[in-house]
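Asker: quick one, structure for this:
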Amino acid sequence: MKYKRIVIKIGTSLITQDNGNLNTDFMSGLAEICKKLIESKCEVIIISSGAIGAGIKLINPDSNKIIDKNQTSIKQVLASVGQPYLMKNYQEIFNQPGIKTSQILLTRKEIREDKSTYLNIKNTIEKLIELNIIPIINENDVVSTEEVEGDKFGDNDTLSAYVSNLIDANLLIILSSVDGVFTADPNVDPENAKLIEEFKDLSFNEINTIGGPSSDNIGTGGMSAKLKAIEIATMSGTDVVITNGNKITNITKIINDEKIGTFFPAKSKIHERKKRWLLNNMSRSKSITIDDGAKNAILNKNTSLLPAGIITVSGKFKSGEVICILDKQKEIIACGISSYSYEEINKIKGEQSSKILSILGYVHTEEVIHKNNMVNI
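Answerer: Numbering: from 1, shown residues only. Sure thing, here's the model as predicted:
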């Protein structure tokens, strides 16, 4: 199959019905699609809006009381009430075809500014995927005001792009209430509005001049937000498709390489982007030296680096920093993001992973550097 790791972003207009209720039919259809994808050895991550919309219905079921959704504090209250209800429905509906789900609430600060938190999030998602559990991710609206205030970095479209980058997703599917990107807004100019099947050579400045329908007033996204997210994702090596989520089988058709919606090809390959980023952030003064067995496993078997293969540690660094991996001849063979600090590695070097807990009193991961956070040089 062309795509292995797939991020699916779901907008408020799909997850919430006109009467304010959650669209459980849509969620059931999505669950069945996800089951088929997992059976096909695909890895699925969901970015879901809908907490604020669900909160409105729960607080105001008869619609007699007017709720000012434009107030940040009110939106945060709505998110606080609606998020557990949203996840309860996801869990119950996805459990029917036998799919386990988890909840992850994020802010941009955690993904973009804090290296150790960034690594913890990445490792958690990777482990959930290994256990065949679908992460369902949303903006943490209760503590983050960027999304609920409509800041340019505060929407789930942008979040989906950053998550795709974080986990090296092959494909991001943005499910919307429209069929894709048009040459004009079909709601305003239906005669001249033609669906654009694929963007190849246009710059994103040119794309921003092309019309497209806006999203509803409960969600924070819109075509402009989607295009900004697409730029982030494609530059990171992820293909992107915008398609109509009301036709849930569009997901399967896209996976099967049918032309559905609007396709944005990646601008670079994931491996090339990852290698360039790691090399640019690598410090040659911060390194670990490994034995021949670990060297062979990394170079020839594409394995993670375990503490048992580490001989010495050089330089001071924190978890989340990019460090060099040296062989016994002190030649750089790889680099990667360390899950442990230099002090921690000094304590566990040469030991089996099963002994990390007894030595440190805790375990971040079994690996000092996970294979997905490493590139060979």
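
Asker: please identify which helix or strand holds residue 164.
Answerer: helix 156-166 (DSSP states H and E).

Asker: not counting the next helix or strand after that helix itself, show me its contacts.
Answerer: Downstream of helix 156-166, the first helix or strand assigned by DSSP H and E is strand 171-176. Strand 171-176 is contacted by residues 3, 5-11, 13-14, 157, 160-161, 164, 215, 226, 229-230, 233, 238-245, 250-251, 254-255 when judged by CB atoms under 8 Å, 6 or more residues apart in numbering. Placement of C-beta: from N, CA and C, glycine included.

Asker: which parts of stretch 288-307 are buried?
Answerer: Residues 288-290, 294-295, 297-298, 303-307 are the ones in stretch 288-307 that count as buried (16 or more other CB atoms under 10 Å).

Asker: which member of the residues you listed is positioned nearest residue 266?
Answerer: residue 304 (25.4 Å; CB to CB).

Asker: the closest one and residue 353 touch, don't they?
Answerer: No. If you go by CB atoms under 8 Å, residue 304 and residue 353 don't touch, sitting 9.7 Å apart.

Asker: need the overlap of contacts for the two.
Answerer: 366-367.

Asker: the contacts of strand 171-176 in helices, which ones?
Answerer: Judged by DSSP state H, helices contain the following of those: 13-14, 157, 160-161, 164, 226, 229-230, 233, 250-251, 254-255.

Asker: name the nearest of those residues relative to residue 333.
Answerer: residue 164 (28.6 Å).

Asker: quick one: contacts for the closest one?
Answerer: Shown in contact with residue 164 (CB under 8 Å, 6+ apart): 7, 172, 233, 236, 238.

Asker: farthest-separated two in these?
Answerer: Between any two of those (CB to CB), the greatest distance is 11.4 Å, for 7 and 236.

Asker: of those two, which one has the most company?
Answerer: residue 7 (28 against 22; other CB atoms under 10 Å).

Asker: how far away is that one from residue 241?
Answerer: Counting by CB to CB, to the nearest Å, the gap from residue 7 to residue 241 is 11 Å.

Asker: cool, residue 33 as well?
Answerer: 14 Å.

Asker: and these two? which has more neighbours close in?
Answerer: Neighbour comparison, residue 33 and residue 241: the larger count goes to residue 241, with 23 against 19 (by other CB under 10 Å).

Asker: quick check: pLDDT value at that one.
Answerer: Looking at residue 241, its pLDDT reads 95.

Asker: give the bridge partners for it, please.
Answerer: Residues in a beta bridge with residue 241, per DSSP bridges, are residue 173, residue 263.

Asker: wait, isn't it in contact with residue 262?
Answerer: Yes. Look at residue 241 against residue 262 with CB under 8 Å: they come within range, at 6.8 Å.

Asker: tell me the domain ranges of the protein?
Answerer: Domains of the chain are assigned by automatic domain parsing as 5-268, 273-376.

Asker: span of the shortest one from start to end?
Answerer: Counting by CA to CA, to the nearest Å, you get 13 Å between the two ends of domain 273-376.

Asker: per-residue confidence at the residue with the largest distance to the centre of the chain?
Answerer: No residue in the chain sits farther from the centre than residue 329, which is 38.5 Å out by CA atoms, centre = their mean. Looking at residue 329, its pLDDT reads 94.

Asker: tell me the spacing between it and residue 104.
Answerer: As judged by CB to CB, residue 329 and residue 104 stand 42 Å apart.

Asker: now for whichever helix or strand residue 224 is part of, which elements pack on it?
Answerer: Applying DSSP H and E as the criterion places residue 224 in helix 223-235. Under the contact definition 3 or more CB pairs under 8 Å, 6 or more residues apart in numbering; DSSP states H and E, helix 223-235 sits against helix 156-166, strand 171-176, helix 204-207, strand 239-244, strand 262-264.

Asker: by mean pLDDT, show me the worst of the ones you listed.
Answerer: Among those, helix 204-207 has the lowest mean pLDDT, at a mean of 58.

Asker: where do the strands sit along this structure?
Answerer: Using DSSP state E, the strands of the chain run over 5-10, 43-48, 100-106, 133-139, 171-176, 239-244, 262-264, 283-290, 310-314, 322-326, 332-337, 374-376.

Asker: could I get those strands as JSON lines with distance to residue 273?
Answerer: As requested, the strands of the chain are arranged in JSON lines below (distance: least, CB to CB, whole Å):
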{"stretch": "strand 5-10", "distance to residue 273": "14"}
{"stretch": "strand 43-48", "distance to residue 273": "18"}
{"stretch": "strand 100-106", "distance to residue 273": "21"}
{"stretch": "strand 133-139", "distance to residue 273": "21"}
{"stretch": "strand 171-176", "distance to residue 273": "14"}
{"stretch": "strand 239-244", "distance to residue 273": "13"}
{"stretch": "strand 262-264", "distance to residue 273": "16"}
{"stretch": "strand 283-290", "distance to residue 273": "20"}
{"stretch": "strand 310-314", "distance to residue 273": "27"}
{"stretch": "strand 322-326", "distance to residue 273": "14"}
{"stretch": "strand 332-337", "distance to residue 273": "14"}
{"stretch": "strand 374-376", "distance to residue 273": "10"}
